[in-house]
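**Student:** Need coordinates for the below:
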Amino acid sequence: MLVQGQAYRQEYGFNAIYLLPVNLYGPRDNFDPASSHVIPALIKKCCDAVKNGDSSIEVWGSGKATREFLYVEDCAEAIVLATATYDGSDPVNIGSGVEISIRDLVEQIVTLTGFKGDVVWNSSKPDGQPRRCLEVSRAKKVFGFAARIDFYEGLRRTIGWYLDGKTNDETP
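**Tutor:** So this is what the prediction gives:
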């Protein structure tokens, strides 16, 4: 799509832009354990453990891998800013610029959900890619985007939404 957008821009003057967001999280995420990503999976796991009185949860890997996450409202803002003001053919990374280890992520979710049990790290399972973090300064430079929602606050909002009993099927 990037190459197609660049070709349309060159040949027809079409203002195609190409944005690359990092891992998103927030209300209305996919909390299905069979298909969810790390943040909603961990939120569900901790909330279920609290509800069921479980003494421990299992988390895959060593916790050393790092990831960058972006709250969904920040991503929406970036998309609006870019579509309104950016007129360039180069791709732009959209992210928070903040990297967190999976271990630290788990600790924050454990704290926010009130889970008091043990976290058992299953190192026989993969960590995945050791590091995922984007260079996001270009978004600030070319269309003024910087993430505004603090990661801890974004997690708090997401967990609150989940605990309020929302479902992925709910319409806005």
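**Student:** okay, Val119: pLDDT?
**Tutor:** Looking at Val119, its pLDDT stands at 98.
**Student:** Quickly find the element holding it.
**Tutor:** strand 118-122 (DSSP states H and E).
**Student:** Check the offset of that strand from the chain's centre.
**Tutor:** 22 Å (CA atoms, centre = their mean, to the nearest Å).
**Student:** got the residue ranges for the helices in the protein?
**Tutor:** 2-12, 38-52, 72-85, 102-113, 137-143, 151-163 (DSSP state H).
**Student:** Could you save those as a markdown table and add columns showing mean pLDDT?
**Tutor:** A markdown table is the format used below for the helices of the chain (pLDDT from 0 to 100):
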| stretch | mean pLDDT |
| --- | --- |
| helix 2-12 | 95 |
| helix 38-52 | 97 |
| helix 72-85 | 98 |
| helix 102-113 | 98 |
| helix 137-143 | 97 |
| helix 151-163 | 97 |
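**Student:** For Asn93, find the nearest of those.
**Tutor:** Evaluated with CB to CB, the helices of the chain place helix 137-143 nearest to Asn93, the distance being 6.5 Å. Yep, even glycine has a C-beta here, placed from its N, CA and C like the rest.
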